[in-house]
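Sequence and predicted structure are below.
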Amino acid sequence: MSDRSHLTTRREFMTTAAALAAGSLAQSTTKPDPALVKAMEAAGAAIPLASSDPERPVYHFHPPANWTNDPNGTLFYKGWHHLFYQLNPFGTTIGNQHWGHARSKDLVNWEHLPIAIWPSSDKGERAIFSGGAVIAADGKPRLLYTSIGRPQPEQWMAIPKDDELIAWEKFSGNPVLTQDSHVNGPINQWRDPFMFIEGGRTYMVAGGSQSGGRGGGGQVQLYRAEKDDLSAWKHLGAVFHAPERETFNIECPNLFKLDGKWVLIISPHRPCEYYVGDLDLERVRFTPETHGVLDAGDAYASNISVDDSGRTILWLWGRTNTPAGRGWGSVITMPRILSIGSEGFLRQTPAPEFQSLRGDVKSFGPSALERPLVLDGVTGASVELEAEFSGAGSVGFELRRSAEGKPGIVVSMQGQYLNVGNVRTFIGNNQRRTIRVFLDRRCTEVYVNDGAAAVYQWVDAAPEAQGIAVFAQSGAGGRGGPGGRGGPAAPPRLEFLKFWNMRPAVFSLDRFRV
């Protein structure tokens, strides 16, 4: 993208933001809740500062301003991808949890919509924690979330007031599920409902912890809807017990069918993990067959949706470690398409729709990379790189490189491992390794070997640091390349490299009003 187009986009963004900050929220036929108006005005007032930061990502989803964390209530409905997300409209750190809302036709360009759910102080709510979405028997979505404010957490439901899902109201009979429903007593840290449909029935899982049994206290509880309107639920028991002692609690569990198997994703206060296996609803038992780390980087709190093509889409919160005073904090990672590989492990690939943001391609042919190759004429803070390497040793990229040659982050593949900054994850033994890198100012995502590994990580660099270099270093001896078998290891080699500058996605504020 050119500097001029970037400035034009920012100017238009700030003009709209100024109107919001001035209080020009559209009038509706009914008087909006003052709590909603206050939250919308606070978010609107922060837009000029957030949009003026040259390090704010331009194609990773982010709210109009201020803080975001967990993706919530992700679903596809009548041609739109809907993303709800944890939002603090009043500041750039976690707190004051509301549910922000946006929708997209293509997973890339977004319409910001009014805040969907906010705390009802008259009902004792202090915060709206995470949750999920499901289509009820009447064909309309329901949102279920953890309500915080009573002595114990409760699961509450929200119902759409219109078929575009712009406005929502809380179910008059809330809560739909309380701690009293649990057959073995209260669940500690009980939160984050996620729903799925199987055999014509609607089920829910929720996280938390409970002492007793082997391993850690982290458990996933299973429930079944007892009414078609999802207003009543029955606790079936714990469907999963964490096998490791260090898993003292489980957040944001997702349980869903994929490629003929069942997948459980958990957020155990460290990088998300997944299990692929079988689910027995009658016996209330999920039996894992394979286990892996979903993303070893700084992504957390997953959610899942399925689109009209049957694609299973993974959403994650991406931390950005944004310095104070910038008007924003965190993003949602690029939507990832999930599948199960031939060996039974998850594969994650970025939604192909992001190719629509590519500028002109620049290609580089094979090279022995006897010294680091600074890509002349190739710079940028929002780019995509695709490459293939062969041989043994360490290969990779220096990104956000300063004029003095200091990188903001290094992405490398060395032996059986991928390194993204200070994060390392296993990628297996391969003589040829493919890699895709998406750099978006303050964050980056890396995909290796057709999604066998995926890592999100934040980047810290000066705005002017936009150089890129590719490098290779031979290993210290060894035989047979990465696998350690056969003859002498072949030296590392770049087979091909493609580069694209990425245009900004559209984040429309036209409907960000009440």
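The structure has been received and is ready for your questions.

wait, what's in contact with residue 492?
By CB atoms under 8 Å, 6 or more residues apart in numbering, the contact list for residue 492 reads 369, 389, 390, 391, 392, 393, 394, 395, 472, 473, 474. Any C-beta I mention is one placed from the backbone N, CA and C, and that applies to glycine too.

isn't the fifth one right next to residue 473, touching?
No: distance between residue 392 and residue 473: 10.0 Å, which falls outside the contact criterion (CB atoms under 8 Å).

who has more neighbours, those two?
residue 392 (25 against 15; other CB atoms under 10 Å).

Confirm that one sits in a helix?
No: under the criterion used here (DSSP: H, G, I helix; E, B strand; the rest coil), residue 392 is coil, not part of a helix.

ok, residue 84 to residue 158 distance?
10 Å (CB to CB, to the nearest Å).

What is the linear distance spanned by stretch 426-444 between its boundary residues?
Start-to-end span of stretch 426-444 (CA to CA, to the nearest Å) is 18 Å.

Give me the buried positions along it.
The neighbour-count check on stretch 426-444 (16 or more other CB atoms under 10 Å) flags 427-428, 430, 433-444 as buried.

hang on, the earlier thing: looking at residue 84 and residue 158, which one has more neighbours?
residue 84 (32 against 23).

what's that one in contact with, if anything?
71, 72, 73, 74, 99, 100, 101, 116, 117, 133, 143.

Now the fourth one. Nearest residue, chain neighbours left out?
Looking back up the chat, that one is residue 74. Distances taken as CB to CB, 6 or more residues apart in numbering put residue 305 closest to residue 74, at 4.0 Å, once the chain neighbours are dropped.

can you check the second one too?
Spatially, and ignoring its direct neighbours in sequence, residue 72 is nearest to residue 84 (4.2 Å; CB to CB, 6+ apart).

Where does the one you found sit: helix, strand or coil?
Criterion first, three-state DSSP; result for residue 84: strand.

For it, give me the pLDDT.
As predicted, residue 84 sits at a pLDDT of 98.

So for residue 84 and residue 158, which residues contact both of them?
Contact with both residue 84 and residue 158 is made by residues 116, 117, 143, according to CB under 8 Å, 6+ apart.

Isn't the first one up against residue 101?
Just to be clear, that refers to residue 116. Yes: if you go by CB under 8 Å, residue 116 and residue 101 touch, sitting 4.1 Å apart.

number of nearby residues for residue 367?
14.

Contact partners for it?
Residue 367 neighbours (CB under 8 Å, 6+ apart): 373, 493, 494.

where's it relative to residue 496, distance?
To residue 496, residue 367 is 9 Å away according to CB to CB.

Geometrically speaking, which residue is the centre of this protein?
residue 316 (1.6 Å; CA atoms, centre = their mean).

does that residue sit in a helix or strand, and which one?
Here residue 316, judged by DSSP states H and E, is contained in strand 312-318.

Show me what secondary structure element comes after that strand.
Using DSSP H and E, the first helix or strand after strand 312-318 is strand 328-329.

Direction included, what does that following strand pair up with?
If you go by DSSP bridges, strand 328-329 pairs up with strand 66-77 (parallel).
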